[in-house]
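Colleague: give me coordinates for this.
(2 chains)
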Amino acid sequence: MSQSSGLDIRYPIGGLFAVLGLLLTGYGLATAGDAEAYERSLFVNVNLWWGLVMLLFGAAMLWSARRGWGRAAARPAAEDPEGREMMER
Amino acid sequence: MPTDPVTRLASIDYLVMALYFLAVLGVGWGLRRLTRTSTDFFLSGRSLPAWITGLAFISANLGAQEVIGMGASGAKYGIMTGHFYWVGAIPAMVFVGLFMMPFYYGSRARSVPEYLRLRFDEKTRTLNAVSFAVMTIFSSGVSMYAMGKLFNLLLGWSFDVSIMVAAVIVLSYVFLGGLTSAIYNEVLQFFLIVFGFIPLVALGLYAIGGWDGLSARLAEVATARGLPAGAYTHSWTYLDDPSRNPIGVEWFGLVMGLGFVLSFGYWCTDFLVVQRAMAADSMSAARRTPLIAAVPKMLFPFLVILPGMIALAFGAGGEGLIPAKLGLDGTPLLDSSGAVVLDYDLATPMMLISLFPSGMLGLGLTALLASFMSGMAGNVTAFNTVWTYDIYQSHIRRDASDAHYLWMGRAATVGGIALSVAAAYVASTFNNIMDLLQLVFAFVNAPLVATFALGMFGRRATGHGALAGLLAGTAAAAIHHGLSLPAGMHAGIKGGYLGLLHTYRSELAQTFWTAIVAWTTCFVVTILVSLLTRPRPAEELRGLVYSLTPRPREENLPWHSRPGVLAVVVLVLTAGLNLLFW
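Modeller: Take a look at the predicted model:
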């Protein structure tokens, strides 16, 4: 896959989800056992569990961006032949 | 009308929102250097991989209409709302990817109206461009108005401040990074919406005893309303007779009106979504864009419709979750039979508030904000392109430098957002004006599919034919609407202003049939007028018309990247979902 000079979209997404995940996990830990806070969610500590899921997703995004898998950025504007030559013939 | 807000947020909730704002602004900032030419600004330099444009394709459409509106419809019509996806959106998305994208992308048109100029003529393009530009401004205005009203009601935020903050953030990132920035943020917003709504649906289902518990409760609601017990949990079973399903329509009106005319009209011809595919980096990526988008799209009913259905079920035999709709004086509205009218638009937001604790509530509300902002940015980026290329460049200043058009695009972004804000305030003073505008949009949009069908797949249609067909279709829609009424409505904005020939069981049934009438009229008139006018020589239509354009080749692609293969997979899965909820 060609590497590109643009911003890899996985960095902002991964970064946001990792930070939000950490925040919610931390908040979930801090409020664990607070029955009143979790009465609404049927006593499920959603902050903790969903925070962990988001953290994992964010980390996976960041990791795959670092490894440079696939392409997830704008290619610098260049004429791309595929599909175009068809029109010119 | 100052009333007490429904809930208050904790600092953690505000922190989650602030982080989201930082992220979207950061994306705009990070992309500012990539925007050097007008093609970069309006078409992302045609440089993005298919999975990014694919996710942006659905996200641009994920505005208030989708998240709040589909929840509201879920609470009104149950799982039948899924038809908007499983009969409506998906087949149309497959069609645009397989058959129409080669012309949009291959003709090098920079917008949908520009394709109409290449295929037909300048006047057809101008009609389409102007109606589209007005439509996007008002859609984004309505979206802003809905957002301001919602956050004022739920959290007591000031209407003005909510609108200004959203407007300034969207303005900043579109201004800096153009379409690329809008698309990147749409992908980010897509994930936020998904991650905000999955736990909502999971908790809701857990609270109500899973699908079985939901069906049992909804059966009670259905029988109480004189419908068959399964009316809210089956999508096809009760479509044989309009009196047996909550939408009040029969299968023909639904499949033709919604599935064919309205959905193809939106997904195949609306530049707002097509623009995302045009930003793809190759023909095959452009064709794959709607097909990739179709996969999450077919699962969206579970995220956006189920919360509404669960909210409705919570109300079975007790205190409902959905509050009454309030009139301007703050008292609950009553319908003609004296029953309280429910504010279905609050179904999904009330679910968020009643199930999420602090922390997750911040995430859920951020997901709502993200949906409003992606819808707004989608409209603004489509507007600035159509304004600059199809109106400004073709009618006001033809031969300016590229730098000038780039400047104009940025100016149009500012102007477009300013006009949207103005439209939001107009909407807040005249409640009916929004109904009126939606109506006009429906009149203008429905005939378009016929124009594209005849223009892309036949070479005989002419520019005069297209224009006459579009105008006649719009007029026919207005006449049909003026002669019919949904049951229980008074003549006026809902129809019947020209007399009353037919009463539909519901507003949606009337909408579907209005679309069918508009399409048919446009189809017939375009053919008739085209036959009377001189066709363009075949030479000029190469690359614009199906029979005169070589098929895009797929053999050099690996099987999993071939649009044809993807299309089959998507259609099989969609058929499966239809059967599962039959």
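
Colleague: how many neighbours does the nearest residue to B:Arg8 once chain neighbours are set aside have?
Modeller: Leaving aside its chain neighbours, B:Arg8 sits nearest to B:Leu155 (7.0 Å; criterion: Cβ to Cβ, 6 or more residues apart in numbering or on different chains). C-beta here means a position set from N, CA and C on the backbone, and glycine is covered the same way. By the measure other Cβ atoms under 10 Å in any protein chain shown, the count of residues near B:Leu155 is 16.

Colleague: write out the residues of the stretch 351-500 of chain B neighbouring chain A.
Modeller: B:Ser354, B:Leu355, B:Phe356, B:Pro357, B:Ser358, B:Gly359, B:Met360, B:Leu363 (Cβ under 8 Å from any Cβ of the partner chain).

Colleague: now the closest residue to B:Ala109 other than its chain neighbours: which helix or strand?
Modeller: Take B:Ala109 and drop its neighbours on the chain: the residue closest to it by Cβ to Cβ, 6+ apart is B:Tyr115, 4.0 Å away. If you go by DSSP states H and E, B:Tyr115 is part of helix B:112-119.

Colleague: what's the following helix or strand after that helix?
Modeller: From helix B:112-119, the next helix or strand downstream (DSSP H and E) is helix B:122-155.

Colleague: ok now that following helix, how far from the chain's centre?
Modeller: 11 Å (Cα atoms, centre = their mean, to the nearest Å).

Colleague: in chain B, what residue lies closest to chain A?
Modeller: B:Met283 (2.1 Å; Cβ to the nearest Cβ).

Colleague: quick check: the gap between that residue and B:Tyr105.
Modeller: 6 Å (Cβ to Cβ, to the nearest Å).

Colleague: compare the two (neighbour count), which wins?
Modeller: Per other Cβ under 10 Å, whichever of B:Met283 and B:Tyr105 has more neighbours is B:Tyr105, with 27 against 23.

Colleague: name the nearest residue to that one, sequence neighbours excluded.
Modeller: Among residues not flanking B:Tyr105 along the chain, B:Ala286 sits closest, at 4.1 Å (Cβ to Cβ, 6+ apart).

Colleague: next, that neighbour: secondary structure please.
Modeller: Using DSSP: H, G, I helix; E, B strand; the rest coil, the structure places B:Ala286 in helix.

Colleague: if I pick it, what's in contact with it?
Modeller: A:Gly83, B:Ala50, B:Thr53, B:Met101, B:Tyr104, B:Tyr105, B:Ala277, B:Met278, B:Ala280 (Cβ atoms under 8 Å, 6 or more residues apart in numbering or on different chains).

Colleague: give me the number of residues near the third one?
Modeller: What it means is B:Thr53. So B:Thr53, with other Cβ under 10 Å, has 28 neighbours.

Colleague: show me where the stretch 201-350 of chain B has its helices.
Modeller: B:210-224, B:251-253, B:263-269, B:271-278, B:283-300, B:306-314, B:347-355 (DSSP state H, counting those that start in this stretch).

Colleague: what comes up buried for the second one?
Modeller: For helix B:251-253, the neighbour count (16 or more other Cβ atoms under 10 Å in any protein chain shown) marks B:Trp251, B:Gly253 as buried.

Colleague: how about stretch B:558-569?
Modeller: Quick answer for stretch B:558-569 (16+ other Cβ under 10 Å): B:Arg562, B:Pro563, B:Leu566, B:Ala567.

Colleague: got the domain boundaries for chain B?
Modeller: Domain ranges of chain B: B:11-110+B:176-369+B:550-580, B:431-546, per automatic domain parsing.

Colleague: present those domains as CSV; the columns should include mean pLDDT and distance to B:Thr413.
Modeller: CSV is the format used below for the domains of chain B (pLDDT from 0 to 100; distance: least, Cβ to Cβ, whole Å):
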stretch, mean pLDDT, distance to B:Thr413
domain B:11-110+B:176-369+B:550-580, 87, 8
domain B:431-546, 87, 22
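
Colleague: please identify the most buried of these.
Modeller: domain B:11-110+B:176-369+B:550-580 (a mean of 21; mean count of other Cβ atoms under 10 Å in any protein chain shown).

Colleague: ok so, going back, in TSV: the domains of chain B, plus distance to A:Ala37.
Modeller: Output for these, formatted as TSV (distance: least, Cβ to Cβ, whole Å):
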stretch	distance to A:Ala37
domain B:11-110+B:176-369+B:550-580	5
domain B:431-546	38
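
Colleague: which of the buried residues of stretch B:558-569 fall within strands?
Modeller: Using DSSP state E, no member of the buried residues of stretch B:558-569 falls within strands.

Colleague: so B:Val249 makes contact with B:Ser506?
Modeller: Yes: taking contacts as Cβ atoms under 8 Å, B:Val249 lies within contact range of B:Ser506: 6.7 Å.

Colleague: intersection of neighbour lists for these two?
Modeller: With Cβ under 8 Å, 6+ apart as the test, B:Val249 and B:Ser506 both reach B:Pro242.

Colleague: low pLDDT regions in chain A?
Modeller: Applying pLDDT under 70 to chain A picks out residues A:1-5, A:75-89.

Colleague: going along the chain, name the helices of it.
Modeller: Assigned by DSSP state H, the helices in chain A fall at A:10-30, A:46-67, A:85-88.

Colleague: pretty sure B:Gly543 sits in a helix.
Modeller: No: counting by three-state DSSP, B:Gly543 falls outside a helix, being coil.

Colleague: contacts only, for it.
Modeller: Here B:Gly543 is in contact with A:Met87, B:Phe103, B:Gly106, B:Ser107, B:Thr549 (criterion: Cβ under 8 Å, 6+ apart).
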